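> just a sequence and a predicted model for now, questions to come.
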Amino acid sequence: MEAQESYVYPYILWNGYREAVEIRKGSPLVHIGRGAFIQHPDPLTTDGQITEDCRRSLLSAACAFAKSHGGVLTVFWGVHGFSHAGVDENGKPSIQTVRLEAAK
C-alpha cells in the first residue's frame, strides 16, 4: 500500500513547484516563492476559513507574480477548490476559481 501524500492548505503550484502559504495576522503583506506567506489584519473567519479579502489579496499577488515571471499560478484552497491566477493577453489580471462539490 502506498503512503498517501498530505497537503497543507493553501498552497501554490507554479511550473511544477509546490509551496505552502503560511497565513499570518498583521499589516497587509504577501510573499510568493520559497517561504510563501500572506499577512492580513483579519486573515481567518471564526471557523478557521480564509476571509474573502485575504483570498483576494493572495490572488492579486499571484497575478502580479505571474505577470513578472510568466505562466499561471494555481492556488489550492483545500480539497474542494482552487484558483488559477495569471494575466490575459493584454497583461490584465485573470483569475478563474473552481469550487468542487463534495460527494454525497
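Alright, I've got the coordinates. Numbers count the residues shown, from 1 in each chain.

> for Leu58, which non-adjacent residue is spatially closest?
Ile38 (4.8 Å; Cβ to Cβ, 6 or more residues apart in numbering). Where C-beta positions appear, they are placed from N, C-alpha and C, glycine not excepted.

> and if you look at Thr97?
Ser83 (4.3 Å).

> and Asn15, by the same measure?
Gly71 (5.8 Å).

> go ahead and confirm that neighbour touches Trp14.
Yes. If you go by Cβ atoms under 8 Å, Gly71 and Trp14 touch, sitting 6.2 Å apart.

> okay, how far is it across stretch 22-38, tip to tip?
End-to-end span of stretch 22-38 (Cα to Cα, to the nearest Å): 6 Å.

> the residue positioned nearest the centre of the chain bridge partners, please.
By Cα atoms, centre = their mean, the chain has its centre lying nearest to Val75, at 3.2 Å. Beta-bridge pairing for Val75 (DSSP bridges): Ile12, Ser83.

> for it, list the residues it contacts.
10-12, 21, 58-59, 62, 82-83, 85 (Cβ atoms under 8 Å, 6 or more residues apart in numbering).

> rerun at 7 Å
10, 12, 58-59, 62, 82-83, 85 (Cβ atoms under 7 Å, 6 or more residues apart in numbering).

> show me which of these are buried.
Buried members of these, scored by 16 or more other Cβ atoms under 10 Å, are 10, 12, 58-59, 62, 82-83, 85.

> could these go into TSV alongside distance to Val30 and pLDDT?
As requested, the buried ones among the contacts of Val75 are exported to TSV (distance: Cβ to Cβ, whole Å; pLDDT from 0 to 100):
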residue	distance to Val30	pLDDT
Pro10	12	95
Ile12	11	96
Leu58	6	97
Leu59	10	97
Ala62	9	96
Phe82	18	96
Ser83	14	97
Ala85	12	97
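
> wait, a helix at the residue nearest to Asn15?
No. Gly71 sits outside any helix when classified using DSSP: H, G, I helix; E, B strand; the rest coil, being coil.

> my guess is it contacts Ile12. True?
No. When contacts are counted by Cβ atoms under 7 Å, Gly71 is not listed as touching Ile12 (11.5 Å).
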